[in-house]
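> Need coordinates for the below:
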Amino acid sequence: AERQRRLKAGSLFSVAGVADPIPLTGRPFDQTVYLALLTRSGGMKAAGVTGPALTIRAGDDVIHTVTPDQMISLVSQAMTWLESIMATSWAMKDAIAPFESGIPDDFADDTHWP
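Numbering: from 1, shown residues only. Prediction:
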């Protein structure tokens, strides 16, 4: 439940050329969208597109139009964050370092999570 709460809440990601960090959430639907955007970004980059050509609605309902390189950076950061949330929850569940004692009593404390 804590893992799902954190994925739904999302995180902030900084992208070169964008003034403010962009908030993204990590729900299953979001993950599918990010993978599609990453694929499209790679194709556009390969085709030589360098200007703002891709849009994404952020977790705060703001629409951002970014370049393929910016989208690749944004989505790559989001996917790395998602993977780290998953890895942390699995480590707690499986009693793997640094959670050798299993799920801590204060498992929701931010100190345990990326």
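> alpha carbons only for contacts and neighbour counts from here, please
Noted.
> tell me the centre residue of this protein?
For the chain, the residue nearest the mean C-alpha position is A78 (1.9 Å; C-alpha atoms, centre = their mean).
> Surely it touches R27?
No - in this structure, A78 is not within contact of R27 by C-alpha atoms under 8 Å, at 11.3 Å.
> Tell me which helix or strand the residue nearest to the centre of the chain sits in.
According to DSSP states H and E, A78 maps onto helix 68-94.
> That helix packs against which elements?
helix 2-9, strand 11-13, helix 28-46 (3 or more C-alpha pairs under 8 Å, 6 or more residues apart in numbering; DSSP states H and E).
> which parts of it are buried?
Within helix 68-94, the residues that count as buried by 16 or more other C-alpha atoms under 10 Å are 68-78, 81-82, 85, 88-89, 91-92.
> any idea how far the residue located most distally from the centre of the chain lies from K93?
Distance from the C-alpha centroid of the chain peaks at S101, with 28.1 Å (C-alpha atoms, centre = their mean). Remark: distance between S101 and K93 (C-alpha to C-alpha, to the nearest Å) = 10 Å.
> and what of A16?
36 Å.
> To what extent is D110 buried, counted in neighbours?
By other C-alpha atoms under 10 Å, 9 other residues sit near D110.
> Can you report how many residues lie near the closest residue to I63 other than its chain neighbours?
Among residues not flanking I63 along the chain, R57 sits closest, at 4.3 Å (C-alpha to C-alpha, 6 or more residues apart in numbering). The local packing of R57 (other C-alpha under 10 Å) involves 13 other residues.
> pretty sure R57 is in contact with L37, am I right?
No - using C-alpha under 8 Å, R57 is not in contact with L37; the gap is 11.5 Å.
> Quick check: L54 vs A87, distance?
From L54 to A87 the distance is 30 Å (C-alpha to C-alpha).
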